[in-house]
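Engineer: with the input below, show me the fold.
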Amino acid sequence: MVGTTAKTIWRNEPAYRPFREILAEVYHRYRRPIFISETGTEDDDRPDWLAYVADEARAAIRDGIPLHGICLYPILNHPGWDDDRHCCNGLWDYTGPLW
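Structural biologist: Residues are numbered from 1 along each chain as shown. Sure, this is the predicted structure:
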């Protein structure tokens, strides 16, 4: 998304769409099994985010969407790509410099 600014759409906003609907739309467009990859969030939002994604994935499967898996990315916290900030978005943390 070069040259654009991403904006979070919160669940209470009119533009919000449940993830299960987005998964269904993608499936109906391409008619291929789905695997959710490289998805995550940072800091204290992680537990609620994971519960939300899992709930929506189960709902999509109940609706007949062939969802074959979810990749939690990353598994380990890491330094930021652009600024080396400590990104708390993994399941585990590291204790010191990685390089």
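
Engineer: in the chain, which spans are helices?
Structural biologist: Assigned by DSSP state H, the helices in the chain fall at 19-30, 46-62.

Engineer: got the contact list for the last one?
Structural biologist: Applying CB atoms under 8 Å, 6 or more residues apart in numbering, the set of residues contacting helix 46-62 from outside is 18-20, 23-24, 34, 36, 39-41, 67, 70, 72, 88-89. Where you see a C-beta, it was placed from the backbone N, CA and C, and this is true even at glycine.

Engineer: looking at those residues, which are in strands?
Structural biologist: Those of the contacts of helix 46-62 mapping onto strands are 34, 36, 39, 67, 70, 72, per DSSP state E.

Engineer: give me the most central residue, the chain.
Structural biologist: Central residue of the chain (CA atoms, centre = their mean): T39, 2.8 Å from the mean position.

Engineer: shouldn't it be in contact with Y73?
Structural biologist: Yes - if you go by CB atoms under 8 Å, T39 and Y73 touch, sitting 6.6 Å apart.

Engineer: follow-up on the earlier one: identify the farthest-apart pair in the contacts of helix 46-62.
Structural biologist: Comparing every pair within these by CB to CB identifies A24 and C88 as the most remote, at 31.5 Å.

Engineer: how close does the residue nearest to the centre of the chain sit to H86?
Structural biologist: 20 Å (CB to CB, to the nearest Å).

Engineer: got it, and Y27?
Structural biologist: Using CB to CB, Y27 is found at 37 Å from H86.

Engineer: so which of these two has more stuff around it?
Structural biologist: More crowded of Y27 and H86, by other CB atoms under 10 Å: Y27, with 18 against 11.

Engineer: that one: what's it in contact with?
Structural biologist: Y27 touches 34, 65-66, counting by CB under 8 Å, 6+ apart.

Engineer: swap the cut-off to 6 Å and go again
Structural biologist: Residues near Y27 by CB atoms under 6 Å, 6 or more residues apart in numbering: 34, 65.

Engineer: give me the buried subset of the ones in strands among the contacts of helix 46-62.
Structural biologist: The neighbour-count test (16 or more other CB atoms under 10 Å) applied to the ones in strands among the contacts of helix 46-62 identifies 34, 36, 67, 72 as buried.
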